[in-house]
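# 3D model of this:
(one chain, ligands or ions: 2)
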Amino acid sequence: PPPGSAALRGHIVTFSGNPFLIPPEEALREEPDGLVLIRDGRITHAGPYDSTIAHLPEGMPVTDYRGCLISAGFVDTHVHYPQLPMIAAYGEQLLEWLERYTFPTERHFADAGYATTIARQFLRTLLACGTTTAAVYCTVHPQSVDAFFTESTRLGTRMIAGKVLMDRNAPDYLRDTAQRGHDESLRLIERWHGRDRQHYAVTPRFAPTSTPEQLELAAALLGRDETLFMQTHLAENQAEVAWVAELFPDSRSYLDVYDRAGLVRPRSVMGHGIYVDETDLRRCHESGCALAHCPTSNLFLGSGAFRLHDVTSPSRPVRTGLGTDIGAGTSLSHLQTMNEAYKVARMNGNRLHPVQAFWLATAGGAHALHLDDTIGTVGVGMDADLCILDPRATPLQALRAETCDSTADLLFTLMMLGDDRSIRATYVNGRLAHERTPDTII
Ligand code: GUN
Ligand code: ZN
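Residues are numbered from 1 along each chain as shown. Ligands and ions are numbered 1, 2, ... in the order given. Just a heads-up that it's a prediction; the model follows:
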C-alpha cells in the first residue's frame, strides 16, 4: 500500500460525547467487527466491516486485528522529555526534588547530541505506549527544542513542545533573562510552529521561576498568533502554593498570577491544579484553558489528590486531560496513568468509569488541547493516529478478560492491568510506527 494508507479490521472503540456530561454508555461509540480505511494519513471510512469493505481500494491488504481494540492514539497533555533519565528519583517532594534531581539532569541538554539521543528514546517509548500526541517541556536550552522537533518531524508525530523559560530562582546554568527567553522562543516559533505536524508551546516553567516581566513577555509572544500553545505548572504542592503567595502578594490565587499576566486563555495547559478553588475553576471553564491531571506524579511526589470529578462537573466543566509528567510521573503508559487516576478518584470517594478514563486519555485530551477536530477520535476526516490495544496481552489479562460481559469492563481490565505490553501496534499519520513482537523490549 502507498505510505500513509492502510485498512485495519478490529473492534473500534471511540466516543460520540463527553462521558462526564452524558451517561458513559451513551458517550461510547463502538463497532465490534469494524474496518478503518486510511488514505494519505487520514481516516476515510470507519464502520462495520461488512458494509465498509465495499470501499476498500483495489490491492489494499486488510490488517487483521480481530480480538484487539482500535482506539485513537493516546494524548499526553503534560510531560518533560529531558526528565526521562531521572525517572524514579527517591524520596523528595516537589521543591527539593527539583533542586536535587531535576535541575542537574536538565543541565545536560546544553549538549545537542545528548538531547537528540534522549528525544529519540522518549518518542520511541511514547509510541510503544500507544501515545501519539504529547504536550512536552524541553529545557531552557533552545537546542533541546530543535532536537525534539527534529525527531518528531522524522517520525511524523503531532507534537506540542517549547523551550522552558526561567529567569529567577533556578541555578545560573539554567537561567535565561526575560528578554533572552522571549527572543529565543520567537526564533523557535518561527522555525517550528505549524511546520508539518509540530506546534509550539510558550513554556514558563512555573510562577516561582519567572519574574512578572517574563510572564508578561510570554503573553506578548502568545499575542502574535492565537494558534500558539502555553504550558506551565499550577498549584501542585502546598509548599509551592505558599511560596507563590509570598512572591505575588497582590494576586488572589496562584491561577490569578497567570491570569494577570494574560496567560489564561484557550490552548493554555496548566499541569496539576490540585490546590485550586471554585473561583479558579470558573475562570478555567470560561477561558477555555485546560488542566492536566497527572496522577502517577502526584502520588509519587506526595503532592495531593486532584479533584477530577469536581473539575469536570457539568455545572462548569473545565477542559481536562491526562498527563504522565515524566520524570515525576512513573510511567509513560496512559494505561498506567488511568490506573492511578482511578485510585486517586477512589480516595476522593468517587468512581472513574472506564469510558471516562479512556475519554480523558484520547478525546478529552484532544479537547483540552483544542485539537479535537483533528485527533482523539476514530472518525472520518480525523488524523489516522491510532493505537491497537490487546486485552489479552498477558496470561492474567486473558484470564480476567474471559469474565468480561461488556466493553466497559474490558476497558477497565485494560486500564487496571495493562501497560506497554497491551499495545499491539501504533499508527502515526496512517503509518505503522510501532509493532509489538514477542521479543519487543523498549
Ligand atoms: N513544577 C515546576 N517544574 C516542575 C517539573 O519539572 N515537574 C513537576 N512535576 N512540577 C514542576
Ligand atoms: Zn511537570
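# Could you use CA atoms for every contact and neighbour count after this?
Will do.
# Go through stretch 231-244 and flag the buried ones.
For stretch 231-244, burial by neighbour count (16 or more other CA atoms under 10 Å) applies to Gln231, Thr232, His233, Leu234, Ala235, Glu236, Asn237, Glu240, Val241, Val244.
# would you list these in TSV and tack on distance to Ile388?
Shown next, in TSV, are the buried residues of stretch 231-244 (distance: CA to CA, whole Å):
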residue	distance to Ile388
Gln231	29
Thr232	31
His233	32
Leu234	33
Ala235	35
Glu236	33
Asn237	36
Glu240	40
Val241	40
Val244	43
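# okay if I get these as a markdown table plus distance to Gly10, secondary structure and pLDDT?
Conversion of those to a markdown table gives the following (distance: CA to CA, whole Å; DSSP: H, G, I helix; E, B strand; the rest coil; pLDDT from 0 to 100):
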| residue | distance to Gly10 | secondary structure | pLDDT |
| --- | --- | --- | --- |
| Gln231 | 36 | strand | 98 |
| Thr232 | 38 | strand | 99 |
| His233 | 39 | strand | 99 |
| Leu234 | 40 | strand | 98 |
| Ala235 | 42 | coil | 98 |
| Glu236 | 40 | coil | 98 |
| Asn237 | 43 | coil | 98 |
| Glu240 | 47 | helix | 98 |
| Val241 | 47 | helix | 98 |
| Val244 | 50 | helix | 98 |
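# so which of the residues you listed comes closest to Pro3?
Closest approach to Pro3 among the buried residues of stretch 231-244 (CA to CA): Gln231, at 33.3 Å.
# who in the stretch 201-350 of the chain is up against ligand 1?
For the stretch 201-350 of the chain, the residues in contact with ligand 1 (CA under 6 Å from any ligand atom) are Arg205, Phe206, His233, Asp325, Ala328.
# what about the spatially most distant residue from the centre of the chain, distance to Ala305?
For the chain, the residue at maximal distance from the C-alpha centroid (CA atoms, centre = their mean) is Glu58, at 36.9 Å. Per CA to CA, to the nearest Å, Glu58 is found 53 Å from Ala305.
# who's in contact with the top helix by length along the chain?
When the chain is scanned for its longest helix (criterion: DSSP state H), the result is helix 112-128. Helix 112-128 has contacts (CA atoms under 8 Å, 6 or more residues apart in numbering) with 81-82, 84, 108-109, 132, 143-144, 147-148, 151-152, 332-333, 420, 423, 425-426, 433-436, 442.
# now, among the buried residues of stretch 231-244, which is nearest to ligand 1?
Within the buried residues of stretch 231-244, the smallest distance to ligand 1 is 5.4 Å, found for His233 (CA to the nearest ligand atom).
# quick one: that closest one and Ser268 touch, right?
No: His233 is beyond contact range of Ser268, at 10.6 Å (criterion: CA atoms under 8 Å).
# what comes up buried for the longest helix of the chain?
The neighbour-count check on helix 112-128 (16+ other CA under 10 Å) flags 112, 115-116, 118-120, 122-128 as buried.
# swap in stretch 308-325?
Of all the residues in stretch 308-325, those buried under the rule 16+ other CA under 10 Å are 308-312, 316-325.
# Then stretch 141-155?
Within stretch 141-155, the residues that count as buried by 16+ other CA under 10 Å are 141-153, 155.
# Stretch 339-356 too?
Neighbour counts over stretch 339-356 (16+ other CA under 10 Å) mark Asn339, Glu340, Ala341, Tyr342, Lys343, Val344, Ala345, Leu352, His353, Pro354, Val355, Gln356 as buried.
# Leu84 versus the residue of the stretch 301-442 of the chain found nearest ligand 1, what's the distance?
For the stretch 301-442 of the chain, the residue closest to ligand 1 is Ala328, as judged by CA to the nearest ligand atom, at 5.1 Å. Ala328 sits at a distance of 9 Å from Leu84 (criterion: CA to CA).
# same thing with Ala242?
Taking CA to CA as the measure, Ala242 falls 28 Å from Leu84.
# same question, Pro314
Distance of Pro314 to Leu84, computed by CA to CA: 36 Å.
# what's the offset of stretch 48-66 from the middle of its chain?
Relative to its parent chain, stretch 48-66 has a centroid offset of 31 Å by CA atoms, centre = their mean, to the nearest Å.
# neighbouring contacts of that stretch?
With CA under 8 Å, 6+ apart, stretch 48-66 has contacts from 1, 6-11, 31-35, 37, 45-46, 388.
# filter those to the buried ones?
Listed as buried from the contacts of stretch 48-66 are 6-11, 31-35, 37, 45-46, 388; burial here means 16+ other CA under 10 Å.
# Quick check: buried residues in stretch 49-59?
Buried residues in stretch 49-59, counted by 16+ other CA under 10 Å: Tyr49, Ile53, Leu56.
# What's the end-to-end length of that stretch?
Start and end residues of stretch 49-59 are separated by 17 Å (CA to CA).
# Please apply the same query to stretch 53-66.
One end of stretch 53-66 sits 15 Å from the other (CA to CA).
# contacting residues for the residue nearest the centre of the chain?
Centrality entry for the chain: nearest residue to the mean C-alpha point is Asp76, 1.2 Å, by CA atoms, centre = their mean. Listed by CA under 8 Å, 6+ apart, the contact set of Asp76 reads Thr131, Thr133, Ala134, Ala135, Gly321, Leu322, Gly323, Thr324, His334, Ala361, Gly365.
# one more time with 10 Å, if that's ok
Residues near Asp76 by CA atoms under 10 Å, 6 or more residues apart in numbering: 126, 131-136, 159, 292-294, 321-325, 332-334, 337, 360-362, 365-366.
# Likewise for Asp176?
Val140, His141, Val164, Leu165, Met166, Asp167, Arg168, Ala170, His182, Glu184, Ser210, Gln214.
# biggest separation within these, which pair?
Across these, the longest distance by CA to CA is 18.2 Å; it joins Ala170 and Glu184.
# coming back round to it: out of the buried ones among the contacts of stretch 48-66, flag the one nearest to Leu21.
Taking CA to CA as the measure, Leu21 sits nearest to Glu31 out of the buried ones among the contacts of stretch 48-66, at 22.3 Å.
# The strand or helix carrying the closest one - what's its average pLDDT?
Applying DSSP states H and E as the criterion places Glu31 in strand 28-39. When pLDDT is averaged over strand 28-39, the result is 98.
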